[in-house]
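Colleague: this one's sequence-less:
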């Protein structure tokens, strides 16, 4: 079953624009992670934000977490054609559950 | 190269057959996870091993089984294959359980005909 739900399901932007993807989840979490998947390939870990953190940056990526609303957002600034991929949020609940639960992803297309 | 090796990359087999997918985790990682990715179900967690022991089971069918060997590589066995088992199967590893990101392999694309 899916814990996280990404929104929108698909997003198309011009190169140089910012892309924002949202993730909502249902149960309390220990951390939330974002992954990128290029078509048909393995997922790549982008960033991990813990439940006691509100914002985290990594290069052109900015992730926010609002545990009161059970939501997170991923912002990619100054997008490039190479950012075209699917982006997934994944949650880790802890408390004896050690595996990540993934959402269905946002498909981002960056048009050159 | 992520450091997680999955073989084979592609597999085409007939219904009713049995296949074995293999995964070598990144060096030093003790935890191995198997996921199935299909268009309609997304990424579904199948099973996790930690240092040779089964730790958690997800939506894994009884026709599927897995194991982790002393050298930490893992195998996922799929038997009595059905058309609906066609999917991408990913292995991921992490250094420890819990609060860590996963490193994914490039996957095995299974097609059942």
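Modeller: Nice, I can see it. This is a predicted model, so every value here is computed, not measured.
Colleague: okay, CA-based contacts and neighbour counts for the rest of this
Modeller: Will do.
Colleague: who is residue 76 paired with across the strands?
Modeller: Going with chain A. residue A:19, residue A:61 (DSSP bridges).
Colleague: other chain: chain B
Modeller: Here residue B:76, judged by DSSP bridges, has bridge partners residue B:21, residue B:66.
Colleague: show me what contacts it?
Modeller: Shown in contact with residue B:76 (CA atoms under 8 Å, 6 or more residues apart in numbering or on different chains): B:20-22, B:34, B:64-67.
Colleague: of the residues you listed - the most surrounded one?
Modeller: residue B:34 (27 neighbours; other CA atoms under 10 Å in any protein chain shown).
Colleague: show the pLDDT at the residue lying closest to that one once chain neighbours are set aside.
Modeller: Nearest residue to residue B:34 in three dimensions, chain neighbours excluded: residue B:91, at 4.6 Å (CA to CA, 6 or more residues apart in numbering or on different chains). Listed pLDDT for residue B:91 reads 98.
Colleague: thinking residue B:91 is in contact with residue B:33, fair?
Modeller: Yes. Judged on CA atoms under 8 Å, residue B:91 makes contact with residue B:33 at a distance of 5.6 Å.
Colleague: so those two - more neighbours on which side?
Modeller: residue B:91 (31 against 27).
Colleague: could you say which helix or strand holds that one?
Modeller: Residue B:91 is part of strand B:87-94 when elements are defined by DSSP states H and E.
Colleague: what do you get for residue B:80?
Modeller: According to DSSP H and E, residue B:80 maps onto no helix or strand at all.
Colleague: residue 47: which element?
Modeller: The chain I'm using is chain A. Here residue A:47 is assigned to strand A:43-50, by DSSP H and E.
Colleague: that's the wrong chain, I meant chain B
Modeller: strand B:42-50.
Colleague: run the chain-centre distance for the helix or strand following that strand.
Modeller: Once the chain leaves strand B:42-50, the next helix or strand it forms, by DSSP H and E, is strand B:53-57. Remark: strand B:53-57 is offset 13 Å from the chain centroid, using CA atoms, centre = their mean, to the nearest Å.
Colleague: and strand B:53-57 with strand B:42-50, angle?
Modeller: 150 degrees (axes from the mean of the first three to the mean of the last three CA atoms, to 10 degrees).
Colleague: show me what counts as buried in strand B:53-57.
Modeller: Neighbour counts over strand B:53-57 (16 or more other CA atoms under 10 Å in any protein chain shown) mark B:55-57 as buried.
Colleague: so where is the chain shaky, pLDDT-wise?
Modeller: Using chain A here. A:1-3, A:94-97 (pLDDT under 70).
Colleague: might you report the residue contacts of the residue lying closest to residue B:78 once chain neighbours are set aside?
Modeller: Spatial nearest neighbour of residue B:78, excluding adjacent residues (CA to CA, 6+ apart): residue B:64 at 4.6 Å. Contact partners of residue B:64, counting by CA under 8 Å, 6+ apart, are B:76-79.
Colleague: how close does residue B:64 get to residue B:20?
Modeller: 10 Å (CA to CA, to the nearest Å).
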